[in-house]
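1. Need coordinates for the below:
(one chain, ligands or ions: 1)
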Amino acid sequence: MPTLRKTRLTWINGKITESGDAKISILSHSLHYGSGIFEGIRFYAAERGPAIFRLREHIDRLFRGAEKIGMAPEYSKQDAIAAIKKLVMSSGLGSGYIRPIFFYGEGPMQVIPKNVPSSLAISVWPLDSYLKSGSVRVAVSGYTRPDCNATDTNVKLSGNYSSSVLAGLEAVRNGFHEALMLDSRGFIAEGTAQNIFFAGGENENIICTPKPGSILPGITRDSVITIAKDLKFKVLEQGLRIRGIGKFSESFFSGTATGIAPISRIGDVTFRGSRGHITKKLKSEFIDAVHGRIGKYGRWLTYV
Ligand code: PMP
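-> Numbers count the residues shown, from 1 in each chain. The predicted structure follows:
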């Protein structure tokens, strides 16, 4: 029997079970049509115990998504927060990853969900660091990120991840760790599940990141922007093209699972990776923030 610490646990319909024992119908609408709305949330072993990072913002995005795809959840935001806290406590984990998902279950088998029941499931598991080796090598993908008029890019709609899966597989097949997708107009968008930043080079005081549109405006991205501004960097959210990235000396990914991951290469362009001092500074400040070591960012933490 695996111990609880090593097990993935799932809260579903008010009960907590091992994830493998939480069953849903094979005819669930969301499995067939990508109509799930999910979140990725992390909790860290902070000074005062396990602390969930920016829980409120993740829950708000989750419920915005549910509304977007026409769900009328039987659970409130407060219910979801209480369930998450209970699940984290039950797991006995000091740190880990939390994955809530709203999904449509079994109903009439048709694309437009009509009279289809929706459910909420929340899972938790331990999470190793995304990168074992220091810096990420990123392929520029042939797959484009869907535009904001092709889908809703502001929420984590499972169907949005089809291009991420294809781009990620293509990148790995070609010897890279990750993929960077452009939007349909050729502007840099984001990774498979990460936002991207550029820094250093011509102007050491400026940090650039793609503006919202074809990206998920990530909660880690928002945290990085706040931290960078507090450190007196000028942050520019703008259209960026691959042909222009050579002027930067540093680049990094941001995301809940990823944290802040230094990039050593995008296509043929090389960057300082984990040696980049701006990336290093932002990363160490971010790590201090998530562990409750910086008073002004204490508002981002929810202790369980
Ligand atoms: N873009 C995509 C497509 C993602 O899936 C994620 C991960 N949620 C991100 C960006 C980063 O978002 P966040 O910082 O909120 O995790």
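2. how does the protein divide into domains?
-> As recorded under automatic domain parsing, the domains making up the chain are 9-125, 136-290.
3. Nearest to the ligand, out of those domains?
-> The ligand lies closest to domain 136-290 among the domains of the chain, at 2.6 Å (CB to the nearest ligand atom). Using the backbone N, CA and C atoms, a C-beta is placed for each residue, glycine as well.
4. gap between the two ends of the closest one?
-> 22 Å (CA to CA, to the nearest Å).
5. centre of the chain versus that domain, how much separation?
-> Centre-to-centre, domain 136-290 and its host chain are 12 Å apart (CA atoms, centre = their mean, to the nearest Å).
6. Contacts only, for the closest residue to residue 200 other than its chain neighbours.
-> Sequence neighbours aside, residue 249 is the residue nearest to residue 200 in space, at 3.6 Å (criterion: CB to CB, 6 or more residues apart in numbering). For residue 249, the contact set (CB atoms under 8 Å, 6 or more residues apart in numbering) comprises 199, 200, 201, 271, 272, 276.
7. can you check residue 53 too?
-> 41, 42, 43, 44, 256, 290, 300, 301.
8. if we can go back for a sec, now pLDDT, secondary structure and neighbour count too, for the contacts of residue 249, in TSV please.
-> Listed next are the contacts of residue 249 as TSV, based on pLDDT from 0 to 100; DSSP: H, G, I helix; E, B strand; the rest coil; neighbours: other CB atoms under 10 Å:
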residue	pLDDT	secondary structure	neighbour count
199	98	strand	27
200	97	coil	20
201	96	coil	16
271	98	coil	26
272	96	coil	22
276	96	coil	23
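9. Between which two of the contacts of residue 53 is the distance greatest?
-> 256 and 301 (14.2 Å; CB to CB).
10. name the helices or strands packed onto whichever strand or helix holds residue 207?
-> Using DSSP states H and E, residue 207 falls within strand 206-209. Judged by 3 or more CB pairs under 8 Å, 6 or more residues apart in numbering; DSSP states H and E, the packing partners of strand 206-209 are strand 195-199, helix 219-230, strand 234-237.
11. Might you enumerate the residues of the stretch 51-200 of the chain proximal to the ligand?
-> Proximity of the stretch 51-200 of the chain to the ligand (CB under 6 Å from any ligand atom) is limited to residues 156, 190, 193, 194, 195.
12. Provide the secondary structure category for the closest residue to residue 224 other than its chain neighbours.
-> Using CB to CB, 6+ apart and skipping residues adjacent in sequence, the residue nearest residue 224 is residue 254, 5.1 Å away. Secondary structure, DSSP: H, G, I helix; E, B strand; the rest coil: residue 254 is strand.
13. rewinding a little: closest to residue 110 out of the helices and strands packed on strand 206-209?
-> Closest among these, using CB to CB: helix 219-230, at 33.9 Å.
14. Which one (most neighbours) among the contacts of residue 53?
-> residue 43 (28 neighbours; other CB atoms under 10 Å).
15. Assumed that one was part of a strand.
-> Yes. The assignment for residue 43, made by three-state DSSP, places it in a strand.
16. So what does the residue nearest to residue 215 when sequence neighbours are not counted have for phi and psi?
-> If the residues on either side of it in the chain are set aside, residue 215 comes closest to residue 190, at 4.5 Å by CB to CB, 6+ apart. Dihedral pair for residue 190: phi -160, psi 170, per degrees, to the nearest 10.
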